[in-house]
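>>> next comes the sequence, and after it the predicted model I'd like to discuss.
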Amino acid sequence: MIHITRKEHFNAAHRMYREEWSAEKNFEVFGKCANPNWHGHNYNLYVTVKGEITHATGYLIDLKELKQIINEYVIEKLDHKNINMDVEFMAGKMASTELLTIEIFNQLKGPIEAYPGVFLHSVKLFETENNSAEYFGG
Ligand SMILES: Nc1nc2c(c(=O)[nH]1)N=C([C@H](O)[C@H](O)COP(=O)(O)OP(=O)(O)OP(=O)(O)O)CN2
């Protein structure tokens, strides 16, 4: 079993805010992240796939193909977008690092696992240099 990882990058805006809470409570819970003005992050995304190498190429999956999948199903939908307003797969969800990581995993699982013998192992998302979430599915 081998694991290989593709790193991608996107910029997106968000705001942490629950409509049913008062402005005061939102500020108390989310601090500056609840600011009415949207703020952006430079996200770094790590997608790890796993499987056995059965091809004469020595590849589990061509990393160029993995890049295309991540771009089509995730990056094009998120890059330079507002996560709260523009991203269909985040509709009705809080734009936290955790939930974004889970939904990115869910977006990628089907297209990646359409390749025989290739499995999505994990998605790791850095919202800032110091803050990240990792999801293994299930
Ligand atoms: N469990 C979570 N906690 C927080 C999340 C999150 O998604 N899940 N998000 C935020 C903020 O959106 C953001 O990530 C934090 O911004 P900031 O405090 O500026 O983070 P930095 O790493 O840049 O700040 P340092 O103070 O330098 O570490 C908050 N919490």
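In hand now; what should we look at?
>>> what does whichever strand or helix holds Leu66 contact?
Take DSSP states H and E as the rule and Leu66 turns out to sit in helix 63-70. With contact meaning CB atoms under 8 Å, 6 or more residues apart in numbering, helix 63-70 is reached by Ile4, Arg6, Glu8, Leu45, Val47, Val49, Leu108, Pro111, Ile112, Tyr115. Just so you know, the C-beta spots here come from the backbone N, C-alpha and C atoms, and that holds for glycine as well.
>>> apply 10 Å and report the result again.
4-8, 10, 45, 47-49, 59-62, 75-76, 104, 107-108, 110-112, 114-115, 118, 123 (CB atoms under 10 Å, 6 or more residues apart in numbering).
>>> so which bits of that helix are buried?
Buried residues in helix 63-70, defined by neighbour count with 16 or more other CB atoms under 10 Å: Leu66, Ile69, Ile70.
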